[in-house]
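Okay, predicted coordinates and the sequence, questions at the end:
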Amino acid sequence: MRILWLNWRDIKNHEAGGAEVLTHEIAKRLAKKGHKVTLFTSRFQGSESHENIDDVDIVRDGGKYSVYGKAKNYYKHNKDHFDILIDEINVKPFLTPKYVKEMPIIALIHQISPEQFTYELPFPVGIIGRYFLEKKWLSHYNNISTVTVSESTRKSLVELGFRKVSVITEGLSVIPLQEAARKEDTFTITFLGRLKKHKLPDHAILAFKKIREQIPNSHMNVIGDGYLLRKLKKMNIENVTFHGHISNKEKFNILSRSHLALIPAVREGWALVVVESNAMGVPVVAYSVPGLVDSVQNGINGILLSQNTPDEMANISISLLKDESKLRRLTETALQYSKRFNWDSTTEQFEKILLDNT
């Protein structure tokens, strides 16, 4: 197959997240299977307009907002070179059902984004986006074969009128440890994610503040970058280290020596950080929200909170840190849980959907 894949970011974009990891891991495996994969995406500072990464052809044009119009133009001038199109939707869709008539479309949606509109955009734009724009945009995809990564998102899409939704399992880009690594001598908590409002990094830090009241020598790592970094630093919570954007090697080293990972959010598609933490022998304490209720198996690879508040996150974390045997069991089962996931299986599932639609 000759595949045209549209996404707003690629794996080299400094704002790339779990969605871009999935895109790249699947795309490079499809390329190795003999499919020709072209990813059309936006430009970013220092990027090349054309690049080949792991046998995937990357074409970059336009910025964060103009990439959608550039993608439409690219399609119109190159449609004869492709057999199928993947429209990956992250908040704003490419709206390909309005102009792609010559080939099948597969929509790839990690999560719907009602909360992101109101958390990330000013009033009244956020309200318009949440209650009108998203529903209007996505209505164009009701009869399009759609792929998502969690049962939570599938249910949300069906409620919006989608008729053809398949769920694929997520993979894992790091090899799980054979056994949990030696932990830091002092209790260490880690938050991993983009520092944006809808990720609620401030909730994790507030939870740690309360943890320190009970366990004064504990330490927190914050791994990730974003516009909230300066504001979070101004919270002036002691024993918190902000690492910013770091290499995977550094990230996994820090994770492996942590006792717990805190994952608050308003909504996730799945949250790769859950199984990445588990693969390093780190259980998670997470909010009970769509996406996290799919990736966190309560009592196996982490704990889902009954109340999504910093206080409850702190209380559960403290109880785990003070119960050595329970924390050790949860660490072991979390590590075993992570070994279920691999990108080869994910790619097989995704490829079957592509073949069934061509």
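Structure received.

can you pull the contacts of residue 205?
Residues in contact with residue 205 (C-beta atoms under 8 Å, 6 or more residues apart in numbering) are 191, 220, 222, 232, 235, 237, 240. For the C-beta atoms, the positions are set from N, CA and C on the backbone; glycine is no exception.

So the third one sits against residue 246, correct?
No - the pair residue 222 and residue 246 does not pass the contact test of C-beta atoms under 8 Å, sitting 10.9 Å apart.

Among those two, which residue is more densely surrounded?
residue 222 (25 against 14; other C-beta atoms under 10 Å).

got a pLDDT number for residue 46?
For residue 46, the model assigns a pLDDT of 95.

same thing with residue 77?
pLDDT, read off for residue 77, is 98.

Tell me how far whichever strand or helix holds it lies from the chain's centre.
Taking DSSP states H and E as the criterion, residue 77 maps to helix 67-78. Its chain's C-alpha centre and that of helix 67-78 lie 26 Å apart, by C-alpha atoms, centre = their mean, to the nearest Å.

who's in contact with it?
So helix 67-78 is contacted by 4, 6, 8, 40-42, 59, 61-62, 85, 92, 94-96, 99-100 (C-beta under 8 Å, 6+ apart).

Out of these, name the ones that lie in strands.
If you go by DSSP state E, these have 4, 6, 40-41, 59, 85 in strands.

nearest to residue 203, of those?
residue 41 (31.1 Å; C-beta to C-beta).

Could you check the pLDDT of that closest one?
Reported pLDDT for residue 41: 98.

ok, now residue 325?
pLDDT at residue 325 comes out at 97.

Can you tell me how far it is from residue 286?
Residue 325 is 22 Å from residue 286, where distance means C-beta to C-beta, to the nearest Å.

More neighbours: which of the two?
Ranked by neighbour count (other C-beta under 10 Å), residue 325 and residue 286 place residue 286 first, with 30 against 7.

List the beta-bridge partners for the more buried one.
When assigned by DSSP bridges, residue 286 has beta-bridge partners residue 263, residue 304.

Let me see the contact set for it.
Residue 286 neighbours (C-beta under 8 Å, 6+ apart): 262-265, 271, 274, 292, 296, 302-305.

before we move on, the earlier item: redo the ones in strands among the contacts of helix 67-78 as TSV? Include distance to residue 162.
Below are the ones in strands among the contacts of helix 67-78 laid out as TSV (distance: C-beta to C-beta, whole Å):
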residue	distance to residue 162
4	22
6	18
40	24
41	24
59	28
85	18
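
so which of these comes closest to residue 104?
Distances from residue 104 to the ones in strands among the contacts of helix 67-78, taken by C-beta to C-beta, are shortest for residue 85, at 7.3 Å.

any idea whether the closest residue to residue 142 other than its chain neighbours is helix, strand or coil?
With sequence-adjacent residues excluded and distances taken as C-beta to C-beta, 6 or more residues apart in numbering, residue 142 is closest to residue 161, at 4.6 Å. At residue 161 the chain is in coil, as set by DSSP: H, G, I helix; E, B strand; the rest coil.

Dump the contacts of residue 205 to JSON lines, plus secondary structure and distance to residue 256.
Converted to JSON lines, the contacts of residue 205 look like this (DSSP: H, G, I helix; E, B strand; the rest coil; distance: C-beta to C-beta, whole Å):
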{"residue": "191", "secondary structure": "strand", "distance to residue 256": "15"}
{"residue": "220", "secondary structure": "strand", "distance to residue 256": "16"}
{"residue": "222", "secondary structure": "strand", "distance to residue 256": "17"}
{"residue": "232", "secondary structure": "helix", "distance to residue 256": "24"}
{"residue": "235", "secondary structure": "coil", "distance to residue 256": "26"}
{"residue": "237", "secondary structure": "coil", "distance to residue 256": "23"}
{"residue": "240", "secondary structure": "strand", "distance to residue 256": "19"}
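
between these, which has the most around it?
That'd be residue 191 among the contacts of residue 205, by other C-beta under 10 Å, with 28 neighbours.

who does that residue bridge with?
Following DSSP bridges, residue 191 is listed with bridge partners residue 222.

Show the model's pLDDT score for it.
Per-residue pLDDT puts residue 191 at 98.

re the thing from before, for the contacts of residue 205, work out which two are farthest apart.
Among those, the pair separated by the greatest distance (C-beta to C-beta) is 191 and 235, at 12.6 Å.

low-scoring stretches of the protein, by residue?
Nowhere does the chain drop to pLDDT under 70.

before we move on, the earlier item: want to throw the ones in strands among the contacts of helix 67-78 into JSON lines with distance to residue 203 and neighbour count?
Putting the ones in strands among the contacts of helix 67-78 into JSON lines (distance: C-beta to C-beta, whole Å; neighbours: other C-beta atoms under 10 Å) gives the following:
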{"residue": "4", "distance to residue 203": "39", "neighbour count": "27"}
{"residue": "6", "distance to residue 203": "33", "neighbour count": "25"}
{"residue": "40", "distance to residue 203": "36", "neighbour count": "24"}
{"residue": "41", "distance to residue 203": "31", "neighbour count": "27"}
{"residue": "59", "distance to residue 203": "38", "neighbour count": "19"}
{"residue": "85", "distance to residue 203": "38", "neighbour count": "22"}
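
of these, closest to residue 185?
residue 41 (43.7 Å).

roughly how far apart are that closest one and residue 144?
Residue 41 is 20 Å from residue 144, by C-beta to C-beta.

swap in residue 111?
From residue 111 to residue 144 the distance is 17 Å (C-beta to C-beta).
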